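Participant: 3D model of this:
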Amino acid sequence: APLDEMVPRQRFASAPYAMYADHAAALTAPNGNSDHAVHVDNNGQVGIGTTSPQAQLQISTTTGSALQVNAGDQQVMVNATGLGIGTKTPAVPLQVRSDDADMMLDMNSASPAKRSEYLIGVDGQREVSLYYDKSTTQAGFINGPSSLVLHRNGIIESNASLRVNGTFHATGDLLLGPNALKPVLIQHYGGLPEDREYFDTGISANVYQCTTGA
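Facilitator: Predicted coordinates for the structure are as follows:
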């Protein structure tokens, strides 16, 4: 080889310790100690706090927070307790803190899906849901086989019994059954006052829930 050529050839860096800066392999354990903070395996997966990443990026820690993202006053934090949005110390698996902490499930109007639901379950099994159906504009609550539906015209519909423990106050008419009949029929056949025509005796008492009179 010529006297002015180094064998084997070696790249010279302009700054100390930068010789392998353009090689990702410089971050892997084979080039140093196994306790390196950042590890890139042969598949290009990056591990922070682990030398055996199981994803393209895996962060592992036993102390402190695993991930923190700051954008001004807004923070996203992941620690051993859960995910915090707007807080660095989430107390539950998902905590959102804000001066206006609204949450929204937004469904595309062009989507073929008709219903957007917030589901609650046990061991992966659906138990309870809150939903909105864009095709009927109905909202509702479902608990197993029971459901409560809220219509936009103010009607509240239930497929089960309604039990009231206390005073029931209705400002309008109380109608029962598929024919929307009033629950009380007053029958009287003697000594009627002059407004007798207001009493309808053409309906059988059997269709009413409550009957008074003779």
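Participant: Give me the pLDDT for Arg11.
Facilitator: Listed pLDDT for Arg11 reads 64.
Participant: Asp133: neighbouring residues, count only.
Facilitator: Residue neighbour count, defined by other CB atoms under 10 Å, stands at 14 for Asp133. From N, CA and C alone the C-beta is placed, and that goes for glycine too.
Participant: what's the nearest residue to it if we skip its chain neighbours?
Facilitator: The shortest distance from Asp133 to any non-neighbouring residue, by CB to CB, 6 or more residues apart in numbering, is to Arg115 (4.9 Å).
Participant: Which elements pack onto the helix or strand harbouring Gly121?
Facilitator: Assessed by DSSP states H and E, Gly121 sits inside strand 115-122. The contact analysis (3 or more CB pairs under 8 Å, 6 or more residues apart in numbering; DSSP states H and E) places strand 115-122 against strand 125-133.
Participant: relative to strand 115-122, how tilted is the strand it packs on?
Facilitator: 160 degrees (axes from the mean of the first three to the mean of the last three CA atoms, to 10 degrees).
Participant: list the buried ones in strand 125-133?
Facilitator: Ser129, Tyr131, Tyr132 (16 or more other CB atoms under 10 Å).
Participant: now swap in stretch 68-84 and tell me
Facilitator: Neighbour counts over stretch 68-84 (16+ other CB under 10 Å) mark Met77, Asn79, Leu83, Gly84 as buried.
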